[in-house]
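1. sharing a model that was predicted from the sequence below.
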Amino acid sequence: RGGGGVREVALSPLDAPRPTEIAVLPETVAKDVKVALLRRADEAARAAGAAVRQVSASYGDSRRRILVANSDGVLATDDQVRTRFAISCVAEGDTGLQTGRESIGATVGFELFDTKDVDELARRAAARAIAKLAARPAPAGTLPVVIKQGSGGILFHEACGHGLEADHIVKDLSVFAHRVGERVASPLVTLVDDGTMGPEWGAFAIDDEGHPAGRNVLIEDGVLTDYMWDWLRARKEGRASSGNGRRETYQHLPMVRMTNTFLANGTEDPDEIVRQTPHGVYVAQLGGGQVNTATGDFTFGATEVYLIEDGEITEPLRDTNLIGNGPEILRLIDVVGNDFAMGSPGTCGKQGQGVPVGTGQPTLRVSALTVGGTAR
């Protein structure tokens with residue numbers, strides 16, 4: 001039986017800077033004001049054309065007030081406010097039903113809508129659905145693939161980000177294990193995970209173990225420099241946490257998770273990247289995907305894709321998957337644009353837990369990627 005006694009610990013308050021200041025707490029905004037946003041978006045989407053048959057709009061906000069105190073003397077607090085808006089449209093035509101979706105979100109309050117126009121968001125979603133009605137089947141085979149700014153960050157989140165989380169590393173379940181200092185990507189690739197990147201969706205002052213958010217360079221100029229660490233794995237390795245210990249709620253165990261993960265800016269003009277691609281596909285929006293962290297193999301759906309012919313973006317394509325291997329894709333990035341942008345807000349699922357994450361990248365080209373189309 002365990003002995004009794006009391007252990008006293010001196011708690012040292014942590015003053016971690018907040019990534020953003022909240023101007024308008026969503027909880028102070030009347031519900032009818034929020035509902036009015038949904039109605040505006042619905043009307044704008046349906047006004048795009050008779051082909052739009054269904055519109056689904058959603059608004060959400062959250063506030064997490066966190067206090068962490070533990071036997072290591074940590075005493076830290078955070079107040080995390082997030083606001084988001086999304087709209088999906090279904091258009092009907094001779095080719096059947098096609099969908100278009102747009103979403104916005106940030107670690108801010110209701111002031112999000114001071115700079116973001118839900119009407120324009122709705123028009124873009126409707127236009128995407130309508131354009132896909134004229135889409136032809138995508139080609140099948142290995143082709144150069146140009147990925148539009150902001151839209152492809154989720155590919156690198158899945159294809160290599162999870163493989164750089166320390167829990168996979170210490171269990172030897174990642175293709176990146178034991179490779180710090182090695183070249184694992186094109187020299188054009190610098191991959192960063194940054195929880196301090198306000199007001200992006202994955203930003204916060206402290207992680208869910210009470211450690212300050214950090215800006216962690218994982219791959220620099222193609223060379224693997226570090227992994228992402230929570231407190232448990234970091235302590236075993238005799239190093240500091242990188243601020244990546246996250247949990248869905250206080251009821252869940254923390255684990256290593258990404259925050260805002262992105263490829264850093266390059267130098268090339270994005271239009272020139274397309275002009276320098278005689279034949280290939282242009283991915284304007286990616287959908288969901290899955291990856292095997294042990295091998296790096298992935299499959300992704302692409303929800304807005306176009307054909308590149310003679311250096312120009314031409315016809316829209318449909319029924320497209322991107323199939324490849326994460327480490328191989330990193331090596332095959334041969335041009336990186338200078339137009340960096342973050343993408344839509346996301347929720348990353350791992351071991352049954354979901355946490356908010358951001359992704360982003362400039363326009364870039366992968367010289368050879370398997371496109372799983374249906375054209376013959």
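-> Received it, and whenever you're ready, just let me know what you need.

2. from here on, contacts and neighbour counts on C-alpha atoms
-> Noted.

3. which residues in the stretch 201-350 of the chain form strands?
-> Listed in chain order, the strands of the stretch 201-350 of the chain (DSSP state E, counting those that start in this stretch) span residues 215-220, 223-224, 245-246, 255-256, 260-263, 279-291, 297-309, 312-318, 320-325, 333-336, 341-342, 346-350.

4. other SSEs contacting the last one?
-> What that stands for is strand 346-350. In terms of contacts (3 or more Cα pairs under 8 Å, 6 or more residues apart in numbering; DSSP states H and E), strand 346-350 is packed against strand 353-361.

5. for the strand it packs on, what is the average pLDDT?
-> With pLDDT averaged residue by residue, strand 353-361 scores 97.

6. relative orientation of whichever helix or strand comes after that strand and strand 320-325 in degrees?
-> Following the chain from strand 353-361 toward its C-terminal end, the next helix or strand by DSSP states H and E is strand 364-372. Counting by axes from the mean of the first three to the mean of the last three Cα atoms, to 10 degrees, strand 364-372 points 110 degrees away from the direction of strand 320-325.

7. how far does strand 364-372 sit from the chain's center?
-> Put simply, strand 364-372 sits 19 Å off its chain's centre (Cα atoms, centre = their mean, to the nearest Å).

8. which residues touch the longest helix belonging to the chain?
-> Across the chain, the helix with the greatest residue count (assigned by DSSP state H) is helix 31-46. Helix 31-46 is contacted by residues 52-53, 55-59, 87, 89, 118-123, 125-126 when judged by Cα atoms under 8 Å, 6 or more residues apart in numbering.

9. hmm, who's touching stretch 215-233?
-> Judged by Cα under 8 Å, 6+ apart, the contacts made with stretch 215-233 from elsewhere in the structure are 164-167, 170, 179-196, 209, 240-246, 254-258.

10. of those residues, buried ones?
-> Taking 16 or more other Cα atoms under 10 Å as the criterion, what is buried in the contacts of stretch 215-233 is 164-167, 183-196, 209, 241-246, 254-258.

11. tell me where the protein has helices.
-> If you assign secondary structure with DSSP H, the helices in the chain sit at 31-46, 112-115, 118-131, 153-156, 166-170, 231-236, 270-275, 326-332.

12. what residues of the third one count as buried?
-> Of the residues in helix 118-131, those with enough neighbours to count as buried (16+ other Cα under 10 Å) are 118-119, 121-131.

13. likewise stretch 38-45?
-> For stretch 38-45, the buried set under the neighbour-count rule, 16+ other Cα under 10 Å, comprises L38, A41, D42, A44, A45.

14. next one: stretch 89-96
-> C89, V90, A91, E92.

15. what number of residues lie near S71?
-> When counting by other Cα atoms under 10 Å, one arrives at 11 neighbours for S71.

16. tally of neighbours for E309?
-> 16.

17. residues contacting the closest residue to it other than its chain neighbours?
-> Here the nearest residue to E309 in space, its sequence neighbours aside, is H279; by Cα to Cα, 6 or more residues apart in numbering that works out to 4.9 Å. Contacts for H279 were tallied using Cα under 8 Å, 6+ apart; they are L143, P144, L307, I308, E309, D310, G311.

18. go again with 10 Å.
-> When contacts are counted by Cα atoms under 10 Å, 6 or more residues apart in numbering, H279 touches L143, P144, V145, L307, I308, E309, D310, G311, E312, I313.

19. pLDDT wise, what is S151 at?
-> The predicted local confidence for S151 comes out at a pLDDT of 89.

20. repeat for the one 3 residues further on
-> On pLDDT, I154 comes in at 89.

21. so the nearest residue to it once chain neighbours are set aside versus H279, what's the distance?
-> Once flanking residues are discounted, I154 sits nearest to T359: 5.8 Å by Cα to Cα, 6+ apart. Taking Cα to Cα, to the nearest Å as the criterion, T359 is separated from H279 by 27 Å.

22. may I have the distance across stretch 274-284, first residue to last?
-> Start-to-end span of stretch 274-284 (Cα to Cα) is 12 Å.

23. for stretch 199-218, that is, sorry about that
-> Its first and final residues considered, stretch 199-218 spans 21 Å by Cα to Cα.

24. give me the below-cutoff pLDDT ranges for the stretch 201-350 of the chain.
-> Counting by pLDDT under 70, the stretch 201-350 of the chain contains no low-confidence residues.

25. and if we set it to 90?
-> For the stretch 201-350 of the chain, applying pLDDT under 90 flags the ranges 287-296, 300, 318-320.

26. quick check, nearest of the buried residues of helix 118-131 to E328?
-> The shortest separation between E328 and any of the buried residues of helix 118-131 is 30.7 Å, and it belongs to R128 (by Cα to Cα).

27. can I assume that closest one is in contact with I87?
-> No: R128 sits out of contact with I87 when judged by Cα atoms under 10 Å, with a separation of 11.7 Å.
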